[in-house]
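**Q** Turn this into a structure:
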Amino acid sequence: MLNCKFNKFSLPRKSTFLNCAYMSPMLKSVEKVGIKAVRRKRNPIEIPPEAFFTETEILRGEFAKLIHASDSNRVAIIPSVSYGISTAAQNLKIGKGEEVIVASAQFPSNYYPWKRICDERGASITTIAPPDTLEDRGAKWNEKILTAITTKTKAVAIAHTHWADGTKFDLQAIRKKTRELGAALVIDGTQSVGAMPFDASTIQPDALIVGGYKWLLGPYSIGLAYFSDYFLDGKPLEENWIARKNSEDFSKLIHYEEAYQEGALRFDVGEKSNFILVPMMIAALKQLNKWKVENIQAYCEHITRASVEKLRERGFWIEHENFRGSHLIGIRVPAGFDMQAARERLLKNRIYVSYRGDSIRLAPNVYNDESDVKKFVKVLCERSAK
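**A** Sure, this is the predicted structure:
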């Protein structure tokens with residue numbers, strides 16, 4: 001079992017930050033690497049041509065290790081989730097009368113690109129809403145998604161855990177159904193990868209898109225994307241020089257090259273060699289790989305277990321453990337509960353969580369301990385009977 005890693009971060013001791021799903025704090029080690037990288041950039045002599053390629057390959061390798069992917073060349077470096085999703089959407093094999101399935105109220109970056117491509121090609125988006133009842137909500141929502149997948153479905157675009165309330169989707173069952181019916185599976189892993197185990201060799205997604213600034217503990221404006229064979233002959237969103245074969249030889253860049261680099265490198269964002277963000281992202285992934293994601297998930301379960309049960313006893317609704325993670329927990333309040341007053345109490349006590357739809361979103365990580373979660377419950381439940 002991991003112990004609390006609070007001292008690895010620079011969070012203020014008088015605050016209780018339970019909101020990694022919003023944005024992670026910066027590891028001291030990542031901050032140190034970032035400062036060093038900024039200082040390196042002031043002297044271009046320290047950045048030889050090979051530096052455009054060496055660090056990005058290290059980054060791909062660390063991400064491949066994190067998600068248990070055997071080939072790091074299937075990893076692309078992206079600036080945002082919307083960039084990765086748009087890459088998948090533009091290369092989706094879909095036509096008139098066909099559909100893309102999404103979950104209700106999923107993050108906009110995993111909706112708008114599909115809406116555009118469906119509008120352009122005469123296809124449609126089918127949105128699968130959760131059941132009206134809270135009883136077995138996660139299980140029934142998963143059943144509805146599986147039932148909705150038919151021969152006209154060309155992609156299921158879904159998260160591993162829903163960003164608003166933490167509902168976990170059964171990716172292995174969805175993958176099995178999509179494979180049987182010839183549909184692609186595109187996963188937004190931004191609210192799970194780095195805190196919940198993900199095995200690309202088992203799930204075999206066609207695309208996995210992950211923003212770097214949440215559970216990957218990295219900086220803003222960098223992310224990673226894994227692509228399967230389905231997409232590897234696709235067209236990138238932009239035509240940048242470094243995505244072409246032989247771009248390592250700067251003296252021959254004027255000899256234009258039709259062929260792309262191997263694997264998913266064709267989908268890299270221009271200026272992917274970012275000499276500040278890439279080293280920071282490497283440092284964050286190395287730390288995650290050292291801690292191991294399964295240990296992070298187990299730690300979050302350990303520090304939240306007792307508090308989850310106490311909330312349930314007080315009338316709050318929390319999804320069954322089989323259909324949520326322990327790092328992102330949606331809490332629905334009992335009838336008559338004064339949510340606005342609770343928000344004010346939490347803020348007054350410097351306890352930071354998020355509110356998404358009708359859920360309070362509790363998102364702890366390794367810098368928290370059990371006392372942080374218990375403090376949240378205590379303040380949340382004050383005068384909750386009124």
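
**Q** now the helices for the stretch 201-350 of the chain?
**A** For the stretch 201-350 of the chain, the helices defined by DSSP state H, counting those that start in this stretch occupy 277-291, 293-313, 339-348.

**Q** Save these as TSV, and put in mean pLDDT too.
**A** TSV is the format used below for the helices of the stretch 201-350 of the chain (pLDDT from 0 to 100):
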stretch	mean pLDDT
helix 277-291	98
helix 293-313	98
helix 339-348	96
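
**Q** Show me the one of the ones you listed that comes nearest Phe6.
**A** When the helices of the stretch 201-350 of the chain are compared by Cβ to Cβ, helix 293-313 sits nearest Phe6, at 11.8 Å. Placement of C-beta: from N, CA and C, glycine included.

**Q** Helix 277-291 and the closest one, what's the angle between them?
**A** Helix 293-313 and helix 277-291 are oriented at 80 degrees to each other (axes from the mean of the first three to the mean of the last three Cα atoms, to 10 degrees).

**Q** Confidence-wise, which helix or strand of this protein is lowest on average?
**A** Across the helices and strands of the chain, mean pLDDT, DSSP states H and E gives its lowest value to strand 354-356, namely a mean of 92.

**Q** Which residues outside that strand are in contact with it?
**A** Asn19, Ala21, Tyr22, Trp163, Ala164, Asp165, Gly330, Met339, Arg343, Ile360, Arg361, Ala363 (Cβ atoms under 8 Å, 6 or more residues apart in numbering).

**Q** contact partners of the very next helix or strand once past it?
**A** Where DSSP states H and E defines the elements, the next helix or strand beyond strand 354-356 is strand 359-362. For strand 359-362, the external contacting residues (Cβ under 8 Å, 6+ apart) are 18-19, 21, 164-166, 304, 328-333, 342, 353-355, 373, 376, 380.

**Q** Give the buried subset of those residues as a PyMOL selection command.
**A** In PyMOL, this line selects whichever of the contacts of strand 359-362 come out buried by 16 or more other Cβ atoms under 10 Å:
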select buried, resi 18+19+21+164+165+166+304+328+329+330+331+332+333+342+353+354+373+376+380
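
**Q** Would you pull up how far the longest strand anywhere in the chain lies from the middle of the chain?
**A** Across the chain, the strand with the greatest residue count (assigned by DSSP state E) is strand 153-159. Put simply, strand 153-159 sits 16 Å off its chain's centre (Cα atoms, centre = their mean, to the nearest Å).

**Q** contacting residues for Glu301?
**A** Ser326.

**Q** An error on my part: the question was meant for Thr190.
**A** Per Cβ under 8 Å, 6+ apart, neighbours of Thr190: Val81, Phe107, Ala159, Trp163, Ile209, Val210, Gly211, Lys214, Trp215, Gly223.

**Q** Determine the three-state secondary structure at the most centrally placed residue in the chain.
**A** Nearest to the geometric centre of the chain sits Thr190, at 0.7 Å (Cα atoms, centre = their mean). Following DSSP: H, G, I helix; E, B strand; the rest coil, Thr190 is assigned to coil.

**Q** Now it: closest residue in space that isn't a chain neighbour?
**A** Nearest residue to Thr190, sequence neighbours excluded (Cβ to Cβ, 6 or more residues apart in numbering): Gly211, at 4.3 Å.

**Q** What's the local residue count around the closest residue to Glu262 other than its chain neighbours?
**A** Using Cβ to Cβ, 6+ apart and skipping the chain neighbours, the partner closest in space to Glu262 is Asn73 (5.2 Å). Per other Cβ atoms under 10 Å, the neighbour tally for Asn73 reads 17.

**Q** how far away is Asn73 from Gly189?
**A** 19 Å (Cβ to Cβ, to the nearest Å).

**Q** do the same with Tyr83
**A** Counting by Cβ to Cβ, the gap from Tyr83 to Gly189 is 15 Å.

**Q** So between those two, which is more surrounded?
**A** Gly189 (28 against 21).

**Q** hang on, that one packs against Val210?
**A** Yes - counting by Cβ atoms under 8 Å, Val210 is a contact partner of Gly189 at 4.5 Å.

**Q** Count the residues that sit near Asp132.
**A** Around Asp132 there are 8 other residues, counting by other Cβ under 10 Å.

**Q** okay, stretch 42-60 in PDB with CA atoms only?
**A** Taking C-alpha atoms only, stretch 42-60 is exported to PDB below (Å, rounded to 0.1, in the frame of the first residue of the first chain):
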ATOM      1  CA  ARG A  42      17.200  30.600 -23.200                       C
ATOM      2  CA  ASN A  43      20.300  29.200 -24.800                       C
ATOM      3  CA  PRO A  44      19.600  27.400 -28.200                       C
ATOM      4  CA  ILE A  45      23.100  26.000 -28.200                       C
ATOM      5  CA  GLU A  46      21.800  23.500 -25.600                       C
ATOM      6  CA  ILE A  47      19.200  22.200 -28.000                       C
ATOM      7  CA  PRO A  48      20.800  20.300 -30.800                       C
ATOM      8  CA  PRO A  49      18.800  18.900 -33.800                       C
ATOM      9  CA  GLU A  50      18.600  15.400 -32.200                       C
ATOM     10  CA  ALA A  51      16.700  17.000 -29.200                       C
ATOM     11  CA  PHE A  52      13.700  17.400 -31.400                       C
ATOM     12  CA  PHE A  53      13.300  13.600 -31.400                       C
ATOM     13  CA  THR A  54      15.000  12.000 -28.400                       C
ATOM     14  CA  GLU A  55      12.700  13.200 -25.600                       C
ATOM     15  CA  THR A  56       9.500  12.600 -27.500                       C
ATOM     16  CA  GLU A  57      10.500   9.000 -27.900                       C
ATOM     17  CA  ILE A  58      11.100   8.700 -24.200                       C
ATOM     18  CA  LEU A  59       7.700  10.200 -23.600                       C
ATOM     19  CA  ARG A  60       6.000   7.700 -25.900                       C
END
